[in-house]
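Visitor: generate a structure from the sequence data that follows.
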Amino acid sequence: MKWENFMNPEDDIQHMLQVIIEKTQSIINDSRKRSFGSLEYFLEHVLVYRDKQQYMSNEWHIRTPRWLGEYGNTPEEEELLSDIYRLQAYIAEKLKGG
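Guide: Below is the predicted model of the structure:
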């Protein structure tokens, strides 16, 4: 996925978070997939993270479900994990100085 470049890093981060939220909701709503409640918990965490702008503090790391990225993920879950890693790298570069 390509991230759009907005006026400033905060707008970029908000956009990236929205994409992650939408992808997470899509996976949760797909009755063929079974996230065992962990994606619901993750979604709640990301919404708080976004709303409180925690990426502007030292508590900027997104806590992903432990199983995500470890075994047998769907292509959608792999893409979600890639987006999360991309966002974390972007935050490290733009807001935390590398």
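Visitor: sec struct for the closest residue to Ser38 other than its chain neighbours, please.
Guide: Setting aside the residues directly before and after it, Ser38 is nearest to Pro65 in space (C-beta to C-beta, 6 or more residues apart in numbering), at 3.9 Å. Heads up, the C-betas are built off the backbone N, CA and C, glycines and all. For Pro65, the assignment made with DSSP: H, G, I helix; E, B strand; the rest coil gives coil.
Visitor: distance check, Pro65 against Leu39.
Guide: 7 Å (C-beta to C-beta, to the nearest Å).
Visitor: same question, Val19
Guide: As judged by C-beta to C-beta, Val19 and Leu39 stand 15 Å apart.
Visitor: the more surrounded of the two?
Guide: Each of Val19 and Leu39 has its neighbours counted (other C-beta atoms under 10 Å); Leu39 has more, 23 against 16.
Visitor: my guess is the more buried one meets Ile28, correct?
Guide: Yes - using C-beta atoms under 8 Å, Leu39 is in contact with Ile28, at 5.2 Å.
Visitor: distance from the chain centre to the helix or strand hosting Ile84, please.
Guide: Here Ile84, judged by DSSP states H and E, is contained in helix 75-94. Taking C-alpha atoms, centre = their mean, to the nearest Å, one finds the center of helix 75-94 at 6 Å from the center of the full chain.
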